[in-house]
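**Q** Show me the folded form of this:
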Amino acid sequence: MMDKFAIDEMAETGANRQCLLDELPDDRHFDRWIHRIEKTPEWLIDRVCRDTMESGLLDHGEVKSAFIFISHRAKELRRIVELNKNEFKSMAWSWFSSNSSNIWDGPHI
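**A** Down below sits the predicted model:
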């Protein structure tokens, strides 16, 4: 489940399909935001996760799981979007298109 979006009706939570999925017209802002997320330093993710434990929101095991999950998502988000792009029914894909020469080739630093 690390590479699946919880945005469809198949989510473990039993949630409804994310209502905005069919409203996004194109991917013009995806590259900018995914690039920013990819650059999130692990120390910051760790600090935020630890703060939730210090605030009493999560226990030690949950913090460890949250750190692993969020770190993975930050590093792999571009690939995860590519794997799940069929969920964006109205999206006109440009740089994510499998026919595009701009398809993801790894982290962009």
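
**Q** Just give me the neighbour total for the residue lying closest to residue 83 once chain neighbours are set aside.
**A** For residue 83, ignoring the flanking residues on the chain, the nearest one in space by Cβ to Cβ, 6 or more residues apart in numbering is residue 3 at 6.0 Å. Backbone N, C-alpha and C define where each C-beta goes, glycine included. Neighbour count of residue 3, defined by other Cβ atoms under 10 Å: 12.

**Q** How much space separates residue 3 from residue 94?
**A** Distance of residue 3 to residue 94, given as Cβ to Cβ, to the nearest Å: 23 Å.

**Q** likewise residue 30?
**A** 9 Å.

**Q** which helix in this structure runs the most residues?
**A** helix 60-84 (DSSP state H).

**Q** What's the mean pLDDT across that helix?
**A** Throughout helix 60-84, pLDDT has a mean value of 91.

**Q** middle-most residue in the chain, spatially?
**A** Closest to where the C-alpha atoms of the chain average out (Cα atoms, centre = their mean) is residue 77, at 4.5 Å.

**Q** who's in contact with that residue?
**A** Neighbour list for residue 77: 34, 37-38 [criterion: Cβ atoms under 8 Å, 6 or more residues apart in numbering].
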